[in-house]
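Peer 1: next comes the sequence, and after it the predicted model I'd like to discuss.
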Amino acid sequence: MENKLHTTESRLSGPRLEAELMRAKTRRMPRASICKARALLFVVLSCFLSTALPAQKSVSADASPASTPSAKAAQHSHLDRSGKSRKGKASYYGREFYKKEMADGTPMNPQSNAAASKTLPLGTKARVTNLKNGNSEVVEIRDRGPYVKGRIVDLSPKTADKLGLKKDGVAPVEVKPVEVPQADGSVKPGAGVQESERGRASAELQDSHSLR
């Protein structure tokens, strides 16, 4: 055994032995480099994930629409607090919406004067007039909708019946706000009050003329 080893060592002695050793080292280097690269990549990814995930959770929680002032302002920026009257189409709640929670947190009561609007602030009282027959009723905006183009108000079945639009389901109406909540907590008189006051003043003037 010793003779064989000695013979092999003698055969690879000198420059040839050094060349063989260099080849062996060269073959090992790629595997060692790959292992080192993998280890380095693992460390880098671990550091990145440990810092990025908590930051992402924090950003997601802080940027929710309900928690940012800018988002809250955007939610209320489209509200119409002017008190001006508007014309469009009215529809009414179907049975599937009975007792469902409305935007103000109360259940939908088909026998109430609750109504829905996309633009009027919740709590607004408005006079809705059916332009086909002249019937009118005062409603309170407590929900959001209707989400159909051209429609400006959704009414309770009871109000729809009083206005005479249950048969067709939809009717042209005019919505005149009476009391409009403002952003500062005050209440602004709307077109419904202003027209009532003008009508009252005109009637009083006519009465005074007739007495003369």
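Peer 2: All right, it came through fine. Residues are numbered from 1 along each chain as shown.

Peer 1: pairing partners for the longest strand seen in the chain, with directions?
Peer 2: Counting residues, the longest strand found in the chain (DSSP state E) is strand 171-181. Strand pairing for strand 171-181, determined by DSSP bridges: strand 86-92 (antiparallel), strand 125-130 (antiparallel), strand 187-189 (antiparallel).

Peer 1: residues contacting residue 92?
Peer 2: Contacts for residue 92 were tallied using C-beta atoms under 8 Å, 6 or more residues apart in numbering; they are 154-157, 159-160, 165-166, 169. All C-beta spots, glycine's among them, are computed from the backbone N, C-alpha and C.

Peer 1: low-confidence ranges in this protein?
Peer 2: 1-77, 194-212 (pLDDT under 70).

Peer 1: and residue 168, how many neighbours?
Peer 2: 10 (other C-beta atoms under 10 Å).

Peer 1: could you measure it against residue 123, distance?
Peer 2: 29 Å (C-beta to C-beta, to the nearest Å).

Peer 1: residue 179 too?
Peer 2: Following C-beta to C-beta, the distance that separates residue 179 from residue 123 is 8 Å.

Peer 1: one more: residue 161?
Peer 2: On the measure of C-beta to C-beta, residue 161 and residue 123 end up 24 Å apart.

Peer 1: how about the helices in this protein?
Peer 2: 2-11, 15-62, 69-77, 157-163, 191-211 (DSSP state H).

Peer 1: wait, residue 116 sits on residue 151?
Peer 2: No - with contacts counted by C-beta atoms under 8 Å, residue 116 stays clear of residue 151, the gap being 9.6 Å.

Peer 1: the nearest residue to residue 169 once chain neighbours are set aside bridge partners, please.
Peer 2: In space, and not counting its chain neighbours, residue 169 is closest to residue 91: 6.3 Å by C-beta to C-beta, 6 or more residues apart in numbering. Per DSSP bridges, the residues bridged to residue 91 are residue 154.

Peer 1: so residue 91 touches residue 152, yeah?
Peer 2: No - counting by C-beta under 8 Å, residue 91 stays clear of residue 152, with 9.7 Å between them.

Peer 1: who touches both of these two?
Peer 2: Joint contacts of residue 91 and residue 152 (C-beta under 8 Å, 6+ apart) are residue 146.
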